[in-house]
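>>> attaching a predicted model along with its sequence, questions to come.
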Amino acid sequence: MERGLITMAPAAVAVPALLATAIIVLLALAVREDLLRHRIPNLLNLAGLVLGFGVAAFAGGLDGLLTAGAGATVGIAVLLPFYLLGGMGAGDVKLMGTTGVFLGPAGALLAAALALLAGTVLAVAVVAWRLIEPRSVLETARAVPVSAVWRAAATVSVVRKERFPYAVAIAIGAIATLWIRGSLGILLGALGLG
């Protein structure tokens, strides 16, 4: 294998590197769309599914397809309750399912757990930022002498109504999973950066 290119790389390196590249590109596009438009397009998720299942079939045949399907199922199953409770959009659930196609069931479970953790940290950071950021609702609260508890409750109420770009949390969870499983190192090595 030459340094800097994935030319003539053995399958043991090429497939994980291809999967890591594909999922990183998919997640980068999803994060961009979620930040700009507060939605993740179905076409993006569909393209990710087709690519993920295609690579799984090429690399592992029927077993690869079954593993990819199980990964999608786990990814969807973990986030579906949050969607049903109104805590996230359907695009987020579909993105986690698409991510699961690339990661398999164990990877999808780990990525979803890490995404939930990252989402919690990001949500706390947003609430903390909103507490110090002047906003019209909170400025009204400051005009009347109120307690810090009331002000924090008002902030949480305002933030709950905002759209949260959960693709960021999914990307953090998936990329952390790639790193934990060694796929990120394989990709960097295949690119001559590791």
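Happy to help now that I have it. Residues are numbered from 1 along each chain as shown.

>>> okay, CA-based contacts and neighbour counts for the rest of this
Fine.

>>> ok, now how distant is the residue most central in space within the chain from A57?
The geometric centre of the chain, computed from its C-alpha atoms, lies nearest to I170 (C-alpha atoms, centre = their mean), at 1.6 Å. Here the criterion is C-alpha to C-alpha, to the nearest Å. By it, I170 lies 24 Å from A57.

>>> repeat that for L188.
Taking C-alpha to C-alpha, one finds L188 at 24 Å from A57.

>>> and T73, by the same measure?
Taking C-alpha to C-alpha, one finds T73 at 17 Å from A57.

>>> with neighbour numbers in mind, choose between the two.
T73 (20 against 17; other C-alpha atoms under 10 Å).

>>> which non-adjacent residue is nearest that one?
G97 (6.4 Å; C-alpha to C-alpha, 6 or more residues apart in numbering).

>>> okay, helices next: where are they in this structure?
11-37, 42-84, 90-132, 136-143, 148-160, 167-181, 183-190 (DSSP state H).

>>> please produce a markdown table containing those helices, extended by mean pLDDT.
Converted to a markdown table, the helices of the chain look like this (pLDDT from 0 to 100):
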| stretch | mean pLDDT |
| --- | --- |
| helix 11-37 | 86 |
| helix 42-84 | 94 |
| helix 90-132 | 91 |
| helix 136-143 | 50 |
| helix 148-160 | 61 |
| helix 167-181 | 95 |
| helix 183-190 | 78 |
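
>>> what's the neighbour count on the spatially closest residue to P165 that is not a sequence neighbour?
Nearest residue to P165, sequence neighbours excluded (C-alpha to C-alpha, 6+ apart): D34, at 5.3 Å. Counted with other C-alpha under 10 Å, residues neighbouring D34 total 21.

>>> contacts only, for D34.
Counting by C-alpha atoms under 8 Å, 6 or more residues apart in numbering, D34 makes contact with I40, P165, Y166, A167.

>>> A190 contacts V15, correct?
No. In this structure, A190 is not within contact of V15 by C-alpha atoms under 8 Å, at 10.6 Å.

>>> so for the two, which sits in the more crowded spot?
A190 (23 against 19).

>>> distance of that one relative to L18?
Using C-alpha to C-alpha, which is the criterion applied here, A190 is 10 Å from L18.

>>> for A17, which non-adjacent residue is spatially closest?
The nearest residue in space to A17 (C-alpha to C-alpha, 6+ apart) is L187, at 4.4 Å.
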